[in-house]
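Trainee: Pasted the sequence and its predicted model underneath.
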Amino acid sequence: MTIKPLIILPDPLLRQVSKPVERVDDSLRRLADDMLETMYDAPGIGLAAIQIGLPMRLLVIDLAKEDDEPAPHVFVNPEILESSDERSVYEEGCLSIPEYYAEVERPASVRVKYVDRDGKEQEIKAEGLMATCLQHEIDHLNGVLFIDHISKLKRDMVMRKFRKLARDKPAPKLVG
């Protein structure tokens, strides 16, 4: 397995809408494993393919606690079929927006249709943290970031900070 570099705000790729996955095969399963490895290394609980520069509708989630056995989930072409009227608030963060957290209100539960790593169509009714995580990662597939769910003032401050960080980042050294 390979740890992939993460795409960081303000990279415009994060705003791209991801394309559906055509077929589930060994190369897609390897990619999902690489994504899980990248997510665990970061560390995080969810990762969309666009966050490693691949605009495809693929995401991985593992909500297992640190001392628990890993419980990875792979979602290919996930689609929210139903959202509850009841709302919940979680403090969210994002591997593509490092070290920034904000409270985000979302539907408390969702019903999601997806294809699993074996190519079988599945459906999940998710509540609590799983519902929040699925919505957060599916947002990524649609070019939406969790900061789009906070006030414009806070979002503008975050964008300014990350633009400045990107500007101030030293250029890579060329070898040769």
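Mentor: Looks like it arrived, so ask away. Numbers count the residues shown, from 1 in each chain.

Trainee: List the residues that contact the closest residue to Met130 other than its chain neighbours.
Mentor: Among residues not flanking Met130 along the chain, Leu63 sits closest, at 6.1 Å (C-beta to C-beta, 6 or more residues apart in numbering). Every residue, glycine included, has its C-beta placed from N, CA and C. If a contact means C-beta atoms under 8 Å, 6 or more residues apart in numbering, then Leu63 has 45, 71, 129-130, 133 as its contacts.

Trainee: For Arg106, see how far away the nearest residue to Ala48 once chain neighbours are set aside is.
Mentor: Distance criterion C-beta to C-beta, 6+ apart; nearest residue to Ala48, sequence neighbours excluded, is His140 at 3.6 Å. Counting by C-beta to C-beta, to the nearest Å, the separation of His140 from Arg106 is 14 Å.

Trainee: The two - which one has more neighbours?
Mentor: His140 (24 against 21; other C-beta atoms under 10 Å).

Trainee: can you pull the contacts of the more buried one?
Mentor: Contacts of His140 (C-beta under 8 Å, 6+ apart): 14, 18, 48, 50-51, 59, 96.

Trainee: for the residues you listed, which one is nearest Val158?
Mentor: Ser96 (11.6 Å; C-beta to C-beta).

Trainee: list the contacts for that closest one?
Mentor: Per C-beta under 8 Å, 6+ apart, neighbours of Ser96: 6-9, 11, 14, 51, 140, 145.

Trainee: Just the ones of those residues in helices?
Mentor: Among the contacts of Ser96, the members falling in helices (DSSP state H) are His140.

Trainee: closest to Ser84 among the contacts of Ser96?
Mentor: The closest of these, once distances to Ser84 are taken by C-beta to C-beta, is His140, at 21.1 Å.

Trainee: Tell me the spacing between the closest one and Glu22.
Mentor: Relative to Glu22, and taking C-beta to C-beta, His140 is found at 20 Å.

Trainee: got a list of what the residue nearest to Glu127 when sequence neighbours are not counted touches?
Mentor: Leaving aside its sequence neighbours, Glu127 sits nearest to Ser109 (C-beta to C-beta, 6+ apart; 4.3 Å). Neighbouring residues of Ser109 by C-beta under 8 Å, 6+ apart: 83-84, 86, 125-128, 131.
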